[in-house]
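Asker: structure for this input, please:
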Amino acid sequence: MPGHDASRIRPATPRVAPNERPSEEAKEVLRSAVSRDGTPLNIFQVLSHHPKMMKRFNQFGGFILNKGLLPAREREIVILRVGWNAQALYEFGQHTDIGLRCGLTTEEIAGLAGADHAWSNDDRLLIALADDLCADDCVTDATYAGLVERWNEAELMELVVTAGFYRMVSGFLNTFGIQLDEGVPGWPTTG
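Answerer: Predicted coordinates for the structure are as follows:
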């Protein structure tokens, strides 16, 4: 199981500041992408520098989160594990909250960040899928053989695309030093 690598440095401050003068097109998306206190999420405030891309990013991410075939809990296992593998604090924090709402426990979330946890075989396979894709951009034969016992072809495609989308998101967040939104948790305690 991959662990936290302190040598993987992430920007401590934003490399691109949130857009203080978003276009009308960007404001439309920002109204729907808000934090607990009703302010636009930091990721979208930064993305608003490129309104056309932000709009499509939001549509695709919204599909994965709200209109896909995968059960929410299983989707969040994959997303959280990808965020952990990428050491994307923002991603992991946002999806900690979402994961808790989708039925994950705090112990399971800590387990996705390297703490010991007794996973079911199905959950272990989802974690392996995320680990395989983050390590080598391909799910291994062994992992795939286990996954096909539970998931149909469309669901398998969605699992891989979900991992890929959130790997891209994690790279965006890490590269631009996007800061946690107010009240969003950081890494879980795993020791």
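Asker: where does pLDDT dip in this structure?
Answerer: 1-7, 190-191 (pLDDT under 70).
Asker: ok, 90 please
Answerer: Applying pLDDT under 90 to the chain flags the ranges 1-9, 12, 28, 31-39, 189-191.
Asker: and the chain, what are its domains?
Answerer: 24-66, 72-176 (automatic domain parsing).
Asker: most packed of these?
Answerer: The highest mean neighbour count among the domains of the chain, using mean count of other CB atoms under 10 Å, belongs to domain 72-176: a mean of 19. Bear in mind the C-beta positions are built from the backbone N, C-alpha and C, glycine included.
Asker: JSON lines for the domains of the chain, including distance to residue 15?
Answerer: Shown next, in JSON lines, are those (distance: least, CB to CB, whole Å):
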{"stretch": "domain 24-66", "distance to residue 15": "9"}
{"stretch": "domain 72-176", "distance to residue 15": "5"}
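Asker: mind checking which of these is nearest residue 11?
Answerer: Using CB to CB as the criterion, the shortest distance between residue 11 and the domains of the chain is 7.5 Å, found for domain 72-176.
Asker: quick check: end-to-end length of that closest one?
Answerer: Domain 72-176 stretches 28 Å from its first residue to its last (CA to CA, to the nearest Å).
Asker: nearest to residue 185, out of the domains of the chain?
Answerer: domain 72-176 (5.0 Å).
Asker: give the contact list for residue 180.
Answerer: Neighbour list for residue 180: 42, 89-90, 93, 186 [criterion: CB atoms under 8 Å, 6 or more residues apart in numbering].
Asker: residue 13: which of the domains of the chain is closest?
Answerer: Proximity to residue 13 (CB to CB) singles out domain 72-176 among the domains of the chain, at 10.5 Å.
Asker: so what's residue 45 up against?
Answerer: So residue 45 contacts 18-19, 22, 30 (CB under 8 Å, 6+ apart).
Asker: need the residues that contact stretch 144-155.
Answerer: Applying CB under 8 Å, 6+ apart, the contact partners of stretch 144-155 are 69-70, 121-122, 125, 128-129, 139, 156, 159.
Asker: let's have these in JSON lines, adding distance to residue 173.
Answerer: Putting the contacts of stretch 144-155 into JSON lines (distance: CB to CB, whole Å) gives the following:
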{"residue": "69", "distance to residue 173": "26"}
{"residue": "70", "distance to residue 173": "22"}
{"residue": "121", "distance to residue 173": "31"}
{"residue": "122", "distance to residue 173": "28"}
{"residue": "125", "distance to residue 173": "26"}
{"residue": "128", "distance to residue 173": "24"}
{"residue": "129", "distance to residue 173": "21"}
{"residue": "139", "distance to residue 173": "24"}
{"residue": "156", "distance to residue 173": "26"}
{"residue": "159", "distance to residue 173": "21"}
